[in-house]
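Chemist: sequence and predicted structure below; questions after.
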Amino acid sequence: MRLSIYTILGVALPLAVTASPLTKRKEVQCTIVSNDGWVKCRKSPRLDAKYDTEYADGYKDDFQCYTVGDCYKGNCTWDYDGSCYVNGYYTSSNCNTKNLPRC
């Protein structure tokens, strides 16, 4: 049986693309929702983790994934923007476990 170059590329190329670490994840834009003032974007999904960044109510950011961590007001998911984590309590409903992959 002889395979053509097109058959080989047709099988190998999609596998190479999905396995590539350079493939960018889908990002979801979400709005920070806070009546508590500034929202801290923390280095890990913990309430006592260090933070460098704070976001104001209404700020929009692109989030890549979510993880589970410390719970705040019943919300235990944390949305990751590529550099830090925001508790899901403070992100709009667009950032949810159906729209974001798990980190």
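Modeler: Arrived safely, thanks for sending. Numbering: from 1, shown residues only.

Chemist: for the rest of this, base every contact and every neighbour count on C-alpha atoms.
Modeler: OK.

Chemist: now the residue lying closest to residue 60 once chain neighbours are set aside: how far from residue 43?
Modeler: Leaving aside its chain neighbours, residue 60 sits nearest to residue 31 (4.4 Å; criterion: CA to CA, 6 or more residues apart in numbering). Distance, residue 31 to residue 43, by CA to CA, to the nearest Å: 19 Å.

Chemist: these two: who's more crowded?
Modeler: Remark: of residue 31 and residue 43, residue 31 carries more neighbours, 20 against 17, as counted by other CA atoms under 10 Å.

Chemist: report pLDDT for residue 44.
Modeler: In this model, residue 44 is scored at 98, pLDDT.

Chemist: identify the bridge partners of the residue nearest to it when sequence neighbours are not counted.
Modeler: Distances taken as CA to CA, 6+ apart place residue 85 nearest to residue 44, at 6.2 Å, with adjacent residues excluded. Counting by DSSP bridges, residue 85 forms beta bridges with residue 42, residue 80.

Chemist: show the pLDDT at residue 85.
Modeler: Confidence score, pLDDT, at residue 85: 98.

Chemist: still on that earlier bit, so who does the residue nearest to residue 60 touch?
Modeler: Applying CA atoms under 8 Å, 6 or more residues apart in numbering to residue 31 gives the contacts 57, 58, 59, 60, 61, 91, 92.

Chemist: these two touch, right, residue 38 and residue 53?
Modeler: No. Checked against CA atoms under 8 Å, the pair residue 38 and residue 53 is beyond contact range at 9.6 Å.

Chemist: can you give me the neighbour number for residue 85?
Modeler: Residue 85 has 26 nearby residues by other CA under 10 Å.

Chemist: cool, residue 86 as well?
Modeler: Neighbours around residue 86, by other CA under 10 Å: 26.

Chemist: need the helices for the chain, in chain order.
Modeler: 5-19 (DSSP state H).

Chemist: identify the single longest strand in it, thanks.
Modeler: For the chain, the strand that runs over the most residues, judged by DSSP state E, is strand 65-72.

Chemist: would you put the C-alpha positions of that one in PDB?
Modeler: Below are the C-alpha coordinates for strand 65-72, written out as PDB (Å, rounded to 0.1, in the frame of the first residue of the first chain):
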ATOM      1  CA  CYS A  65      -8.600  29.700  32.000                       C
ATOM      2  CA  TYR A  66      -9.900  29.000  35.500                       C
ATOM      3  CA  THR A  67      -8.800  27.000  38.500                       C
ATOM      4  CA  VAL A  68     -10.200  26.200  41.900                       C
ATOM      5  CA  GLY A  69      -8.800  27.700  45.000                       C
ATOM      6  CA  ASP A  70      -9.900  29.600  48.200                       C
ATOM      7  CA  CYS A  71     -13.600  30.300  48.300                       C
ATOM      8  CA  TYR A  72     -15.000  33.900  48.600                       C
END
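
Chemist: that'll do, ta.
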